[in-house]
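Visitor: The following comprises the amino acid sequence and a computationally predicted model.
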Amino acid sequence: MAKPALPNLQSALADLHAATRGRLLASDHPSYEQTRRSFNAMAAGRPVAILQPDDTADVVAAVTWATDVDVAIGVRGGGHSVAGHSAPEGGLLIDLSKWRGAEVDPAARTAVALGGSRLMDLDAATTAYGLAAPSGTFVDTGIGGLTLSGGISYLVASEGFACDALIGAQLVTATGEVIDVDDQREPDLMWGLRGGGGNFGVVTHLRYRLADVTQVAGGRINFRGDGVPRVIERVIALEQHAPDSLSLQMLARRWPDDGALGLTLLVAWRGDPAEGAAALREVVADPSRIDGDVRPMNWLQVQALNPPLPFGLRHYWKGHLVRETPQDLADAVVDASREIRGRSVILIELIHGAAHRIPAATAAFGGRAAVANVTALAIWADPGDDETQIQWSRRTAARIEPFSLRGGGYLNYSELDLSASRVAAGFDAPSFDRLRRLKRIHDPTNRFRFNANIPPAS
Ligand SMILES: Cc1cc2nc3c(=O)[nH]c(=O)nc-3n(C[C@H](O)[C@H](O)[C@H](O)COP(=O)(O)OP(=O)(O)OC[C@H]3O[C@@H](n4cnc5c(N)ncnc54)[C@H](O)[C@@H]3O)c2cc1C
């Protein structure tokens, strides 16, 4: 019979404190409120306590404690889950956000990063050797959540998703077992960590295969006005025949001053910068361009094309991984953009090249066949705008749905009220079944349930 959850909280927390060396914050600790806050101010879950572990032994002790007292566990890496997965209401939050850093083996072209590292930690370590892992495009995002659920970056066309570059991990499972995971020793778990999210335990270390980024170019190019729909079409057309060296993303927006349509095109080119500039010449020449171009830069500059977004704003993100990019989709994006209010944007991350060629069987990740991730990012500050912004994001996702790969979105950009059916739609059916069987083996009681949750197979 299951024990009642925490019949005596104080003494249970005293046990946890005694069993760990890290920092334990109960709800009456002066730093609790500040520490529990995550990126999305809408994600206001209150953990029963927060543990900032010192080492893997602390993680093992915390997982064991949670099992003993029957409390669910939430894990935080960079705290960027817009769905609120790292703000676990009533759970124990294992907060790895102070646990950062990466070490590179330049000869092997690999890097090992601690589970709470941000993209910037990995980038800073690898760039010194002219190397990089495919990760994401906002440097303060956590590599943990991002990699385990996919990872779309400026290297997506040449190296695939971040999870494709994940070649090993140290995992603390729900039973407190520490497992070194790689394709040789734990092929099933390795497959599951490449896209199955934080369902299998706490990943304390992530090992990546690195790629050469000594010669790169990039740009953040802004367009404004009636020419924006034409630019969106051109970029989509360009991408359809683009080489692996080119990665393109678009942010459709409205300019705050007069509500004119706006578009930010993010370009990354791997190779001779002059060739990169030539590939984009026609788009850059569009009369609606107001600033920006493609120029040589180093990898850290490419990664900094997007300025970090501050914690504490309100977010509701919803969208679809799409199977094709026809004219109707571009029209739907433009129509939805006309209704944008404030800071909200529609993000279009185009996907081609190596991302499609890597054999699907190597990873659980369900977005490989998608040609784009199109997500409405509702971003606002005033709680009075909650309803308007959420409805806009949902309406936009509904407009994109006819082009959806399987009716699901990119799980890293999940909405706050992510449903079980949208999680399932994030995977093909055989992979979802396999993930459920894997979950039954490693987390049969669903201790790790604050995530895009894979229910254990019954
Ligand atoms: C501003 C912003 C920019 C973004 N840009 C990109 C982008 O360019 N490309 C992209 O692909 N995605 C991007 N994302 C989405 C991002 O991948 C997800 O938000 C992801 O969850 C962030 O990881 P995190 O570690 O910061 O999240 P957290 O909120 O810390 O964690 C989210 C969940 O991930 C799991 N998790 C995290 N770390 C671990 C770990 N060490 N062990 C086990 N489970 C873990 C847990 O289930 C946790 O609940 C962006 C998000 C934001 C808010």
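Guide: Everything's here; your move. Since the structure is predicted, the reported quantities are computational estimates derived from the model, not experimental observations.

Visitor: who touches whichever residue of the stretch 151-300 of the chain sits closest to the ligand in this structure?
Guide: As assessed by Cβ to the nearest ligand atom, the ligand sits closest to Gly198 within the stretch 151-300 of the chain, at 2.4 Å. (Each C-beta comes from the backbone N, C-alpha and C, glycine too.) Residues counted as contacts of Gly198 (Cβ atoms under 8 Å, 6 or more residues apart in numbering) are 75, 85, 144-145, 148, 448, 450-451.

Visitor: Name the SS class of the nearest residue to Ala332 once chain neighbours are set aside, please.
Guide: Closest residue in space to Ala332, ignoring its immediate chain neighbours: Arg399 at 4.3 Å, by Cβ to Cβ, 6 or more residues apart in numbering. The three-state assignment at Arg399 reads helix, by DSSP: H, G, I helix; E, B strand; the rest coil.

Visitor: so who does Arg399 touch?
Guide: Applying Cβ under 8 Å, 6+ apart, the residues near Arg399 are 332, 335-336.

Visitor: now swap in Arg295 and tell me
Guide: Per Cβ under 8 Å, 6+ apart, neighbours of Arg295: 217-219, 273, 277.

Visitor: Return the closest of those residues with respect to Leu24.
Guide: Among the contacts of Arg295, Gly218 lies closest to Leu24 (Cβ to Cβ), at 42.8 Å.

Visitor: give me the residue from the stretch 301-450 of the chain nearest the ligand.
Guide: Using Cβ to the nearest ligand atom, Asn412 is the residue of the stretch 301-450 of the chain that sits closest to the ligand, at 3.6 Å.

Visitor: any idea how far the closest residue to that residue other than its chain neighbours is from Leu238?
Guide: Excluding its sequence neighbours, the residue lying closest to Asn412 (Cβ to Cβ, 6+ apart) is Ser149, at 4.5 Å. For Ser149, the distance to Leu238 equals 28 Å [Cβ to Cβ, to the nearest Å].

Visitor: More neighbours: which of these two?
Guide: Higher neighbour count among Ser149 and Leu238: Ser149, with 30 against 16, using other Cβ atoms under 10 Å.

Visitor: my guess is that one contacts Gly195, does it?
Guide: Yes - with contact defined as Cβ atoms under 8 Å, Ser149 reaches Gly195; the gap is 6.5 Å.

Visitor: Can you check which residues contact both of these two?
Guide: Shared contacts of Ser149 and Gly195, defined by Cβ under 8 Å, 6+ apart, comprise 163, 365.

Visitor: OK, contacts around the residue most central in space within the chain?
Guide: Residue closest to the average C-alpha location in the chain (Cα atoms, centre = their mean): Leu146, at 3.3 Å. By Cβ under 8 Å, 6+ apart, Leu146 lies in contact with 77-78, 80, 119, 135-136, 162, 412.
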